[in-house]
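**Student:** Next input, structure requested:
(chains A and B)
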Amino acid sequence: MSKNLFIDQLIKKERHAIEVFVKDNEKAVYRTCLAYTQNENDALDLVQDVFIKALDKLHQYKGDSSLNTWLIKIAINLSLNFIRDNKKRRFHLDISDIQITDNKHNHLKKEETKLIVRKAIYKLPEKQRKVFILNYHLNLSYKEISEITGYTISSIESLLFRARKKLRELLIDIYKDF
Amino acid sequence: MMCLTHEKQKKMNCTEFKIWLESAPEEELINSPASVIGHTSECKACSEELKIIQSALKVLEEQKHSSLEPSQSANIINELCKKKETGPQNNTFMISRIAVAAIIILGILTGFLTGELLKSDSSNEENIWSSEFPVLSDNTDYKLSLFD
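**Tutor:** Okay, the predicted model is just below:
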């Protein structure tokens, strides 16, 4: 099936085309949303929003990048909006929900670790976070990351190095503050 | 018994450990080299730092391989197909439906009005005929018989 024909079918919202569209791209979209929100339910809601938005804006898709890349861009934007709108509320809920173990030397509970990871990911500077998620969670090449972000390959390398270093520092700092 | 070279390699101080922790690849953090294991077994603070990084990497690794359940995926597809009827993309579809309905209503109205007009014309015509030619408009039921 040609790309244009597929896009036309999607614009007409034909069920078969929608099924292919979702199944081909859901993993990348879900992992992007999950990496940003660090919460399965929020990620699931966002995945739906991403596909709805994509279908509504499909007439704006120019075809200069793959549909997958275009969807990842939408997923990043919606995830950032979500974080901006829900940051305070989510942290407040999560911290009160979790019973922190008295003895720090005990092995960390999974929920505690998830919260530490979430805080660390939220605290990463946006450029570093974006590059880290695209490389680590989505396993994208530097060229693909460059297509999505518009950054040069050398800046991606540098951002990725700094992101790894910063994330580890943040994880340790947040753990110590617990 | 370990030779001196290996003994030396295994020893690592806290500064070296921190440098390693900042820059080591993820795989190395999970499967730490002997020198790191040697240090963390002696230093509790460094051991804790490594543990939190390892736990965090496990969480991130799970996310990296996560995907939607088939039912969740089906729900999303169904929702997208439902939007077909209400989405802004279907404005033209809605407009065409309204236009078809309007044409049908106009057709019915035109048909009704034309019918009314024709009816009034034909009744006038009937009056003219009956006054001019009363025989033709005579409705009396005549019985014809061959034997009369």
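
**Student:** neighbouring contacts of the helix or strand hosting residue A:7?
**Tutor:** Assigned by DSSP states H and E, residue A:7 belongs to helix A:3-11. Applying Cβ atoms under 8 Å, 6 or more residues apart in numbering or on different chains, the external contacts of helix A:3-11 come out as A:16, A:17, A:18, A:20, A:21, A:55, A:58, A:59, A:61, A:63, B:89. Every residue, glycine included, has its C-beta placed from N, CA and C.

**Student:** again, but for stretch A:53-73
**Tutor:** By Cβ under 8 Å, 6+ apart, the residues outside stretch A:53-73 that reach it are A:3, A:7, A:10-11, A:13, A:18, A:21, A:24-25, A:28-29, A:32, A:50-51, A:74, A:78, A:134, A:138, A:144, A:147-148, B:80, B:83, B:87-89.

**Student:** Look up how far residue A:136 lies from residue A:46.
**Tutor:** Distance of residue A:46 to residue A:136, computed by Cβ to Cβ, to the nearest Å: 19 Å.

**Student:** who's more crowded, these two?
**Tutor:** Higher neighbour count among residue A:46 and residue A:136: residue A:46, with 24 against 21, using other Cβ atoms under 10 Å in any protein chain shown.

**Student:** re the thing from before, how about the helix holding residue A:7: buried residues?
**Tutor:** Of the residues in helix A:3-11, those buried by neighbour count under the rule 16 or more other Cβ atoms under 10 Å in any protein chain shown are A:7, A:9, A:10.

**Student:** Tabulate the CA atom coordinates of it in PDB.
**Tutor:** Below are the C-alpha coordinates for helix A:3-11, written out as PDB (Å, rounded to 0.1, in the frame of the first residue of the first chain):
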ATOM      1  CA  LYS A   3       2.000   6.000   1.800                       C
ATOM      2  CA  ASN A   4      -0.400   8.500   0.300                       C
ATOM      3  CA  LEU A   5      -3.200   5.900  -0.100                       C
ATOM      4  CA  PHE A   6      -2.700   4.900   3.600                       C
ATOM      5  CA  ILE A   7      -2.800   8.600   4.700                       C
ATOM      6  CA  ASP A   8      -6.000   9.100   2.600                       C
ATOM      7  CA  GLN A   9      -7.600   6.000   4.300                       C
ATOM      8  CA  LEU A  10      -6.600   7.400   7.700                       C
ATOM      9  CA  ILE A  11      -8.100  10.800   6.900                       C
END
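
**Student:** after the helix-or-strand element of chain B with minimal mean pLDDT comes which helix or strand?
**Tutor:** One helix or strand of chain B scores below all others by mean pLDDT, DSSP states H and E: helix B:4-10, with a mean of 52. Per DSSP H and E, the first helix or strand lying C-terminal to helix B:4-10 is helix B:14-23.
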